[in-house]
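# the following comprises the amino acid sequence and a computationally predicted model.
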Amino acid sequence: MKETDPIYRADCPSRIILDQIADKWSMMVLEVLREPRRFNAIKRRLDGVTQRVLTQTLRKLERNGMVTRKVLDGRVLGVEYSLTPLGESLQGPFSILFNWTLGNIDAIQGCQRKYDEQSD
């Protein structure tokens, strides 16, 4: 790649898309949606996520074509979220990153402690 490649420019659309799909809540929602789930089922699985942040994350993923939202008819109205084919295509790469993170937690935390001790 050349120094002037457009993908490194501040106005490149890839920056916005990466920011929207690669944040922690988006990645975790995509992992939880391996099967269709209602909003509250997603919220229960993602300890610590607020209703506001989950709503924003789902809307962002829906806007980007990763998630679809289906209104469920019945006695109690509900909404179910599921992955689109585009969203499913991220499961492989995100699973690799997620598993790498889990496999390296101890090493990373050790480095963080060492860094913090040197900074104090």
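Structure's in. What do you need? Numbers count the residues shown, from 1 in each chain.

# what pLDDT does residue 105 get?
According to the predicted model, the pLDDT of residue 105 comes to 96.

# run through the strands of this structure in chain order.
In the chain, the segments counted as strands under DSSP state E are 37-38, 67-72, 78-83.

# include distance to residue 15 when you put those into JSON lines, please.
For the C-beta atoms, the positions are set from N, CA and C on the backbone; glycine is no exception. Shown next, in JSON lines, are the strands of the chain (distance: least, C-beta to C-beta, whole Å):
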{"stretch": "strand 37-38", "distance to residue 15": "30"}
{"stretch": "strand 67-72", "distance to residue 15": "21"}
{"stretch": "strand 78-83", "distance to residue 15": "24"}
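
# looking at the ones you listed, which is nearest to residue 26?
Nearest to residue 26, of all the strands of the chain, is strand 67-72, at 9.4 Å by C-beta to C-beta.

# so where's the chain shaky on pLDDT?
Counting by pLDDT under 70, the chain shows low-confidence ranges at 1-4.
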